[in-house]
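Colleague: coordinates for the following, if possible.
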Amino acid sequence: MNIYHSLDSFHKLEYGVVTSGTFDGVHLGHKKILSRLKEISAQSGGESVVITFWPHPRMVVSEDSQGLQLLSTIDEKIELFAQLGIHHLAIIPFTRSFSELSSDEFIKQVLVDKIGTKKLVIGYDHRFGRNREGSFEFLQKNCATYGFEVEEIPREDIEHTAISSSRIRKALVTGHVHEANELLGRPYSLSGTVVKGKQLGRTIGFPTANLHVHESYKLIPMNGVYVINAIYGEQRYQGMLNIGVRPTVDGTIRTIEAHLFDFDKEIYGEDLNLELLHYLRPERKFEGLDMLVKQINIDKENSLVYFG
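Modeller: Below you'll find the predicted structure:
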């Protein structure tokens, strides 16, 4: 996949099959659009192009962007698009001035002049341009003038429930990780660097990898204990994860601590990826360390039962 961090380096295509959007999470609804994009490009002999924006538009134009939580970092999105076999990924730097482009200016300057769009594929109710003025109806009415065709993908449902990034976020912050994973089409993951914690886990027989997620906007799911897969290098390990403040030892700072089964390496300063598979229980305060250890052993037994 060719990656462009600005349109200046993009060479106009003879037959671009294009879609655009923020694609937070690259969930099953997005994959429906991307699958159609690839299908059309294969049938037409064209090249598939995904246009996305970074920073996320809400980080630039919204007054309440400080609390914005996203399902995927830009690096995670790049990896997901690559796995899906997209030919070109154009990441447009989203600025205040770019947000002022009208739909007509966006179509002419970006889709036509820069990309070489011959077929545009958009999702249900997708809008673009200043104040989201560009609609499917507007495109249908004017696409002949612009020299490309447009196709809208209908709303995608799973068991009559509309897929959306906001629904997935809500599922994650309420502990419904199974629902989130079903809508994503894969386990929700957290990636970061392993840092030194207070090393309490070592003293009670459950050493943990304390994960530091670098991106402050990355959504951290509801506090509690999870069944996980951990990917370290090329290896995958089963384990369990605690997200929370560790109230039994009067903790106040939220941490992400993974205990990996059958793992005894020192990996401080190294990268780790955690896939959240199942929510076991909420975080709670125990009367002492003995009761905490007893519960952790139960959590491990339940995790192993989950893995079957």
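
Colleague: neighbours of residue 13, how many?
Modeller: 19 (other C-beta atoms under 10 Å). Quick note: C-beta positions are derived from backbone N, CA and C, even for glycine.

Colleague: quick check: which element contains it?
Modeller: Residue 13 is part of no helix or strand, with elements assigned from DSSP states H and E.

Colleague: OK, contacts around it?
Modeller: Shown in contact with residue 13 (C-beta atoms under 8 Å, 6 or more residues apart in numbering): 46, 47, 49, 88, 115, 116.

Colleague: how about those residues in a markdown table, adding pLDDT?
Modeller: Listed next are these as a markdown table, based on pLDDT from 0 to 100:
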| residue | pLDDT |
| --- | --- |
| 46 | 97 |
| 47 | 98 |
| 49 | 98 |
| 88 | 98 |
| 115 | 97 |
| 116 | 97 |
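
Colleague: let's see which of the residues you listed end up in strands.
Modeller: 47, 49, 88 (DSSP state E).

Colleague: and the residue nearest the centre of the chain, what element?
Modeller: Nearest to the centroid of the C-alpha atoms of the chain, with distances taken as C-alpha atoms, centre = their mean, sits residue 72, at 2.5 Å. Assigned by DSSP H and E, residue 72 falls within no helix or strand.

Colleague: cool, residue 304 as well?
Modeller: Per DSSP H and E: residue 304 is located in helix 289-307.

Colleague: so which elements touch that helix?
Modeller: strand 224-232, strand 235-244, strand 271-281 (3 or more C-beta pairs under 8 Å, 6 or more residues apart in numbering; DSSP states H and E).

Colleague: in it, what counts as buried?
Modeller: 292, 296, 299, 300, 303 (16 or more other C-beta atoms under 10 Å).

Colleague: residues in contact with it?
Modeller: Contacts of helix 289-307 (C-beta under 8 Å, 6+ apart): 204-206, 225, 227, 238-240, 248-249, 259, 261, 277-278, 280-281, 286.

Colleague: from those, keep the buried residues only.
Modeller: If you count burial by 16+ other C-beta under 10 Å, the buried members of the contacts of helix 289-307 come out as 206, 225, 227, 238, 239, 240, 248, 259, 277, 278, 280.

Colleague: next, count neighbours for the residue nearest to residue 105 when sequence neighbours are not counted.
Modeller: Nearest non-adjacent residue to residue 105, counting by C-beta to C-beta, 6 or more residues apart in numbering: residue 129, 7.3 Å away. If you count neighbours by other C-beta under 10 Å, residue 129 ends up with 18.

Colleague: nothing else from me, thank you.
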